[in-house]
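Engineer: Attaching a predicted model along with its sequence, questions to come.
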Amino acid sequence: MTPPQSSPWVRNFHSAPDAATRLICLPHAGGSASYYFPLSAALTPEFEVYSVQYPGRQDRHKEPFVDSIEAMADEVHAAIGTLPEAPTAFFGHSMGAVLAFEVARRFETLTGRQAVTVFASGSRAPSRYGDEGEYKDDASLVEVMRQLGGTDPRVLNNPELLDTFLPAFRNDYRALQAYHRPPTVGIGAPVVVMTATDDPKTSLADARAWHEHTTGGGDVHTFTGGHFYLEKQSQRVIDIVASTLRNVGR
């Protein structure tokens, strides 16, 4: 089912012409499509995996950032809408989780399509955002990056490298700070929550609150390994995603 890639927003790293289910992966704040290359390699050809590339990074570095979750969700939804129709699931980590939720919500409200599953990884529920003070200086943002992990310390300690990575993180983190949805805003698709019990930015209660935003239910899977637990427990993440998609495909 893999078509030619015509949108700069979506990347298909591995062909899966016989796959019945599509998985759209949305990166974390400051992240890029290539973050999901290993997941794509592991899941194809059984599933067709696409990864979203936000503007302002890698090969889209000359394009302006999109500065709100709502606008990014609109753009991603429009880009995915150019793909042939297929059963679609979403996997989002951290900021990508709320984007996955917002795109799935647009699927339902604008096109009448329901995602088969939304994987919400490393993220508080939409109703648990919006209560943080704004970070106004880059030193504060760098400290957040240190707390979260996932960024090579050599980058954080090198001003030239940091100048390359920080603008995207600054934009995305501020977009996430401005985001909030009450529990009354939800979707019908099941939400599979994946969270680390030692995540410095997401408590188990805040992660479980995702199920206040869906009428479709869903499982909760806990890990250890901090905010980027999925890098330390990649095989378990792959197994959960694959088994969930196999079950919804029955």
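Structural biologist: Arrived safely.
Engineer: contacts and neighbour counts: CA atoms only from here.
Structural biologist: OK.
Engineer: Let me see the ranges of the strands in the protein.
Structural biologist: Along the chain, counting by DSSP state E, strands occupy 10-11, 22-26, 48-52, 88-93, 117-121, 191-196, 220-223.
Engineer: relative orientation of the fourth one and strand 48-52 in degrees?
Structural biologist: Strand 88-93 and strand 48-52 are oriented at 50 degrees to each other (axes from the mean of the first three to the mean of the last three C-alpha atoms, to 10 degrees).
Engineer: Turn the strands of the chain into JSON lines, including mean neighbour count.
Structural biologist: Output for those, formatted as JSON lines (neighbours: other C-alpha atoms under 10 Å):
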{"stretch": "strand 10-11", "mean neighbour count": "21"}
{"stretch": "strand 22-26", "mean neighbour count": "26"}
{"stretch": "strand 48-52", "mean neighbour count": "27"}
{"stretch": "strand 88-93", "mean neighbour count": "24"}
{"stretch": "strand 117-121", "mean neighbour count": "27"}
{"stretch": "strand 191-196", "mean neighbour count": "26"}
{"stretch": "strand 220-223", "mean neighbour count": "16"}
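Engineer: Save those strands as TSV, and put in distance to residue 180 and mean pLDDT too.
Structural biologist: Listed next are the strands of the chain as TSV, based on distance: least, C-alpha to C-alpha, whole Å; pLDDT from 0 to 100:
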stretch	distance to residue 180	mean pLDDT
strand 10-11	25	95
strand 22-26	18	98
strand 48-52	22	97
strand 88-93	17	98
strand 117-121	16	98
strand 191-196	18	98
strand 220-223	22	98
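Engineer: can I get those in CSV with distance to residue 233?
Structural biologist: Shown next, in CSV, are the strands of the chain (distance: least, C-alpha to C-alpha, whole Å):
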stretch, distance to residue 233
strand 10-11, 24
strand 22-26, 17
strand 48-52, 20
strand 88-93, 14
strand 117-121, 13
strand 191-196, 10
strand 220-223, 8
